[in-house]
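> Below are the sequence and a predicted model for it; my questions follow.
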Amino acid sequence: MSWNEREDTRKLREAGKRWVEEQGFWLWATCQYVDGSLVSDRRCIRDAQYFFNMLDREVLCRQLIREGIRLPRLVFLETGKSRENTHFHYFIMGYEWEQYSSIRDVSKYFWESSILQARDCVVQDNMSSRDNRSGYPWKELQKRDDKVLMTECCYLPSVT
């Protein structure tokens with residue numbers, strides 16, 4: 001990889017970090033499998049879509065779901081240092097402060113009880129500056145065409 005390509009990728013990671021920081025997500029989570037080496041990217045995306053559908057239905061009212069509104073979130077596919085440990089990370093928040101604890105508690109329960117071969121879901125606060133993990137999921141972006149953001153699972157409300 002040329003110096004220009006490395007520099008472009010570094011700039012892209014920095015821009016991604018700033019973009020995530022600007023969203024102000026309340027929580028950061030990691031969802032892992034018993035053996036991530038047996039999980040394809042496709043299956044991970046499908047599991048994440050199912051997981052977030054359940055989470056949205058539990059936390060949000062039915063009317064919002066019918067209108068296509070979901071919990072604001074960014075979801076990142078990761079394979080770890082070995083490049084064989086498929087799992088995902090996500091940033092998430094609600095619309096009302098009362099949803100904070102519900103999202104935190106229900107996330108762990110739904111992942112661990114509803115997803116085949118799920119190991120654990122660790123949900124952590126992301127509110128203070130020392131807890132902000134906005135750059136972490138971009139570390140696997142090594143070249144411009146690497147896919148790290150699972151756009152199939154992300155939702156950001158439109159700003160008007």
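Yes, it's here.
> For residue 33, name its beta-bridge partners.
On the basis of DSSP bridges, residue 33 is bridged to residue 118.
> How about the contacts made by residue 95?
By CB atoms under 8 Å, 6 or more residues apart in numbering, residue 95 lies in contact with 60, 72. For glycine as for every other residue, the C-beta is placed from the backbone atoms N, C-alpha and C.
> Look at it and tell me its secondary structure.
coil (DSSP: H, G, I helix; E, B strand; the rest coil).
> What distance do you get for it to residue 46?
26 Å (CB to CB, to the nearest Å).
> swap in residue 12?
Counting by CB to CB - residue 12 and residue 46 are separated by 27 Å.
> just the helices in this protein please.
With DSSP state H applied, the chain shows helices at 3-23, 41-59, 62-66, 99-114, listed in chain order.
> my read: residue 35 touches residue 117, true?
Yes: using CB atoms under 8 Å, residue 35 is in contact with residue 117, at 7.0 Å.
> Could you report the neighbour count for residue 86?
Residues lying near residue 86 (other CB atoms under 10 Å) number 23.
> Oops, could you answer that again for residue 9 instead?
Residue 9 has 17 neighbours, counted by other CB under 10 Å.
> Relative to residue 101, how far out is it?
38 Å.
> now residue 4
From residue 4 to residue 101 the distance is 47 Å (CB to CB).
> Residue 33 now?
26 Å.
> which one of the two has more residues nearby?
More crowded of residue 33 and residue 101, by other CB under 10 Å: residue 33, with 22 against 10.
> gap between that one and residue 26?
Separation of residue 33 from residue 26 (CB to CB) stands at 25 Å.
> what's the span of stretch 137-147 from first residue to last?
Its start and end residues considered, stretch 137-147 measures 11 Å (CA to CA, to the nearest Å).
> Would you format the helices of the chain as JSON lines with mean pLDDT and distance to residue 153 included?
Below are the helices of the chain laid out as JSON lines (pLDDT from 0 to 100; distance: least, CB to CB, whole Å):
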{"stretch": "helix 3-23", "mean pLDDT": "83", "distance to residue 153": "15"}
{"stretch": "helix 41-59", "mean pLDDT": "96", "distance to residue 153": "5"}
{"stretch": "helix 62-66", "mean pLDDT": "93", "distance to residue 153": "16"}
{"stretch": "helix 99-114", "mean pLDDT": "96", "distance to residue 153": "13"}
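> which residues does residue 37 contact?
Applying CB under 8 Å, 6+ apart, the residues near residue 37 are 82, 84-86.
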